[in-house]
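[1] for reference, the sequence and a predicted model appear below.
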Amino acid sequence: MDVIAERIKHLGTEKAFKLADNIKECLDMGIDVIRLNIGEPDFDTCKYIAEVGMKNIEKGNSHYCPPAGIDSLRKAAAKHISETRNIPIDYNKLIITTGGKPPIGYTMMTYANPGDEVIYPSPGYPIYESWITFMGAKPVPIHVKDTNEFRFSADDLEKLITPKTKVIIICSPSNPTGGVSTKEDLADFAEVIQSKCNDNVRIYSDEIYEHILFDGKKHHSIASVKGMLDKTIIATGHSKGFAMTGWRLGYAILPTQEEADVFKQLNINTIACTSPFVQEAGREAYENPHVITETKKMVEQFEKRRNYAVPALNAIEGITCAMPGGAFYIFPNIAGVCKNLGIFDAYEQVKSQHRTSPSTLFQMFLLYKYGVATLDRNSFGTVGVTDEHFLRLSIAADLETIKKGIQLIDKASKDYEGFARFLAEGKHLDSL
Ligand code: PLP
């Protein structure tokens with residue numbers, strides 16, 4: 001009898017969190033690390049939100065509260081979603097959670113039986129694949145390509161839908177690619193879904209980067225398309241747009257009261273409730289007009305950094321980099337660098353002894369020899385991935401840091417001998 005239950009073997013992870021141990025190891029070795037791996041804004045929560053949180057703690061608002069969330073936040077969030085998506089939202093179907101992550105697992109637990117198929121973007125947020133496999137459902141990745149701005153088409157989606165399809169995940173703007181589905185894309189997806197899927201299929205629309213869009217783009221939700229509201233779980237939260245990652249605040253809006261009650265029951269069984277002082281602070285984010293000004297200032301910074309980083313990466317021989325439309329990530333294609341440094345040959349040599357990939361080898365070379373922390377392609381889904389060679393760089397770092405990081409990537413991309421030495425040392429060749 002094993003100590004750990006069998007099912008845990010099927011639970012994946014988020015390597016962005018695991019990389020912290022490697023960074024610590026580098027720091028202990030005296031390597032100065034430039035962190036282009038961070039999945040959270042490098043801005044602190046603005047004072048308008050923080051003050052409300054602090055005041056609520058001071059006045060003793062620190063007890064259990066309703067498991068579905070406090071009504072004042074549920075109503076404010078419902079109003080926000082309703083106004084920005086132009087759809088009616090009943091706040092009773094809106095369940096507050098500790099961040100945008102719990103609704104992903106809740107969705108898989110609620111809808112996916114073993115053997116059901118779940119369609120999701122790849123590269124995509126790794127927690128989707130993790131929960132799909134953990135629930136014994138079948139992961140069905142849609143492989144999004146840099147050559148199409150990391151968008152997929154209704155045709156791509158249609159090809160993957162079968163009678164076993166139970167959940168379809170859409171994430172726009174996307175982590176890790178910054179890809180944004182257009183209003184027309186979403187209307188096309190809806191048409192395919194309405195013609196191909198039965199009424200019990202659910203769409204999980206992860207909209208956590210809704211506030212972080214560039215080039216004057218506006219956020220669109222598939223729930224706004226006629227006939228989609230009663231099939232869609234809209235999930236979003238405060239982590240990214242309001243720089244509140246550590247507060248742990250998110251929510252999901254369910255198609256029916258019955259489904260919302262399941263999410264509430266899952267809250268009761270796991271977190272009980274989200275801290276009431278955090279929820280009051282989250283309500284302020286929607287009700288205080290100064291907050292949206294702060295968000296806009298933050299997004300302007302991200303856009304400036306993107307405008308620097310993408311051309312700078314494209315100027316490096318062996319790298320091609322698509323322009324992200326939102327979020328705070330850049331996802332350069334490094335196939336040319338892998339070729340120039342001999343990484344493809346190196347991979348063939350080491351793959352029988354190491355769980356690795358060409359982009360992992362470059363990721364580790366960059367970290368341990370050049371002190372630049374990034375994430376490899378396989379940190380964002382592994383099912384059916386062949387011949388994809390990318391890194392994720394976060395632009396949630398100041399411009400000077402980004403500049404320094406890209407200069408080092410440029411240097412590393414030409415360091416043929418350095419890579420050969422790194423390979424010969426035989427250390428840090430494995431994926432996280
Ligand atoms: N969904 C996506 C696409 C994300 O990128 C993240 C965080 O990186 C989450 C959900 C989870 O967010 P939270 O930190 O609020 O749990």
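    Now that the structure is in, tell me what you want to look at.

[2] the stretch 101-250 of the chain: strands as residue ranges?
    117-122, 138-143, 165-171, 202-206, 232-237, 250-253 (DSSP state E, counting those that start in this stretch).

[3] could I get those as JSON lines with mean pLDDT and mean neighbour count?
    Bear in mind the C-beta positions are built from the backbone N, C-alpha and C, glycine included. Listed next are the strands of the stretch 101-250 of the chain as JSON lines, based on pLDDT from 0 to 100; neighbours: other CB atoms under 10 Å:
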{"stretch": "strand 117-122", "mean pLDDT": "98", "mean neighbour count": "25"}
{"stretch": "strand 138-143", "mean pLDDT": "98", "mean neighbour count": "19"}
{"stretch": "strand 165-171", "mean pLDDT": "98", "mean neighbour count": "23"}
{"stretch": "strand 202-206", "mean pLDDT": "98", "mean neighbour count": "25"}
{"stretch": "strand 232-237", "mean pLDDT": "98", "mean neighbour count": "26"}
{"stretch": "strand 250-253", "mean pLDDT": "98", "mean neighbour count": "27"}
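
[4] nearest residue to Glu259 in space, please, no chain neighbours.
    What sits nearest to Glu259 in space, not counting adjacent residues and going by CB to CB, 6 or more residues apart in numbering, is Thr110, at 6.7 Å.

[5] and what of Ile57?
    Distance criterion CB to CB, 6+ apart; nearest residue to Ile57, sequence neighbours excluded, is Phe277 at 5.0 Å.

[6] the one you found: neighbour count?
    By the measure other CB atoms under 10 Å, the count of residues near Phe277 is 22.

[7] give the other helices and strands that the one helix or strand it maps to contacts.
    Element membership of Phe277, judged by DSSP states H and E, is helix 276-287. Other elements packing on helix 276-287 under the criterion 3 or more CB pairs under 8 Å, 6 or more residues apart in numbering; DSSP states H and E are helix 47-58, helix 71-85.

[8] looking at those, which is buried most?
    helix 71-85 (a mean of 19; mean count of other CB atoms under 10 Å).

[9] does it reach the ligand?
    No - judged by CB under 6 Å from any ligand atom, helix 71-85 stays clear of the ligand, getting no closer than 13.7 Å.

[10] how about low-confidence regions in the protein?
    Within the chain, no range satisfies pLDDT under 70.

[11] contact residues of it facing the ligand?
    Close to the ligand, as judged by CB under 6 Å from any ligand atom, the chain has residues 39, 99-101, 125, 171, 175, 206, 208, 237, 239, 245, 250.

[12] circling back to that earlier point, give the buried residues for the helix or strand following the helix holding Phe277.
    Using DSSP H and E, the helix or strand that follows helix 276-287 in sequence is helix 289-314. For helix 289-314, burial by neighbour count (16 or more other CB atoms under 10 Å) applies to 291, 294-295, 298-299, 301-303, 305-306, 309-310, 312-313.

[13] likewise for stretch 330-343?
    Buried residues in stretch 330-343 (16+ other CB under 10 Å): 330-335, 337-338, 340-341, 343.

[14] chain center to that stretch, what's the gap?
    Computed by CA atoms, centre = their mean, to the nearest Å, the chain-centroid distance of stretch 330-343 equals 23 Å.

[15] what sits against Val33?
    23, 26-27, 367, 371-373 (CB atoms under 8 Å, 6 or more residues apart in numbering).

[16] let me see the contact set for the residue in the chain positioned nearest to the ligand.
    Nearest to the ligand in the chain, going by CB to the nearest ligand atom, is Gly99, at a distance of 2.8 Å. Gly99 makes contact with 237, 239, 245, 248-250 under the criterion CB under 8 Å, 6+ apart.
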